[in-house]
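Novice: Sequence plus predicted model, see below.
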Amino acid sequence: MMEGEELEAIARRVIHSNQFMTIGTADDEGVSWVSPVWYASVEYREFFWVSSPDARHSRNIATRPQVSIVVFDSTAPVGAGQAVYVSAVAEELEGAARAATRRHRCGYHQRILHARVRDLGILRARLVR
């Protein structure tokens, strides 16, 4: 069985080496929906992505912010794949939080900054324990 530090190293490697995650949401009636989204992570505990406010997962997050996320390498051979599964609380960033994200010049935010976000929302999910 793997130790905590080894599992953490695997999780960091999986998150760092991929560009897409699958986010699971549910609407106000509990009907689930999963969506692949391109992401950038912050210290492996926050995930940012851009999305249309009209997308089903964005609408779901607006009414029910609890989400599930999985990051995995879809090119791994059968039996060799590794994945990271997390529970998080998501929100669309607005106002000062959105502006700060777009102004930030650190590496992970460069991905968000260079995306065409004019008509898209910037969303953030923070891990829960």
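Specialist: Ah, there it is.

Novice: so where do the helices sit in the chain?
Specialist: Per DSSP state H, the chain has helices spanning 4-16, 56-63, 95-103, 107-114. These are given in chain order.

Novice: Just want the most central residue of the protein.
Specialist: Residue closest to the mean C-alpha point of the chain, counted by Cα atoms, centre = their mean, is Phe47 at 4.0 Å.

Novice: Remind me what the top strand by length along the chain packs against, helices and strands.
Specialist: When every strand of the chain is counted residue by residue (DSSP state E), the longest turns out to be strand 83-93. Packed against strand 83-93 by the contact rule (3 or more Cβ pairs under 8 Å, 6 or more residues apart in numbering; DSSP states H and E) you find helix 4-16, helix 56-63, strand 66-72, strand 121-127. Using the backbone N, CA and C atoms, a C-beta is placed for each residue, glycine as well.

Novice: what about 10 Å?
Specialist: When contacts are defined as 3 or more Cβ pairs under 10 Å, 6 or more residues apart in numbering; DSSP states H and E, strand 83-93 sits against helix 4-16, strand 20-26, strand 46-51, helix 56-63, strand 66-72, helix 95-103, strand 121-127.

Novice: in this protein, which segments are predicted with low confidence?
Specialist: Low-confidence segments of the chain, defined by pLDDT under 70: 1, 95-119, 129.

Novice: Please export the C-alpha coordinates of stretch 32-42 as PDB.
Specialist: Output of stretch 32-42 as PDB, limited to C-alpha atoms (Å, rounded to 0.1, in the frame of the first residue of the first chain):
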ATOM      1  CA  SER A  32     -26.100  15.300 -12.200                       C
ATOM      2  CA  TRP A  33     -24.000  16.500 -15.100                       C
ATOM      3  CA  VAL A  34     -20.300  16.000 -16.000                       C
ATOM      4  CA  SER A  35     -18.300  18.300 -18.200                       C
ATOM      5  CA  PRO A  36     -14.700  18.200 -19.400                       C
ATOM      6  CA  VAL A  37     -13.000  21.600 -18.900                       C
ATOM      7  CA  TRP A  38      -9.500  23.000 -19.500                       C
ATOM      8  CA  TYR A  39      -8.000  24.100 -16.200                       C
ATOM      9  CA  ALA A  40      -5.100  25.700 -14.300                       C
ATOM     10  CA  SER A  41      -4.300  24.800 -10.700                       C
ATOM     11  CA  VAL A  42      -3.000  26.800  -7.800                       C
END
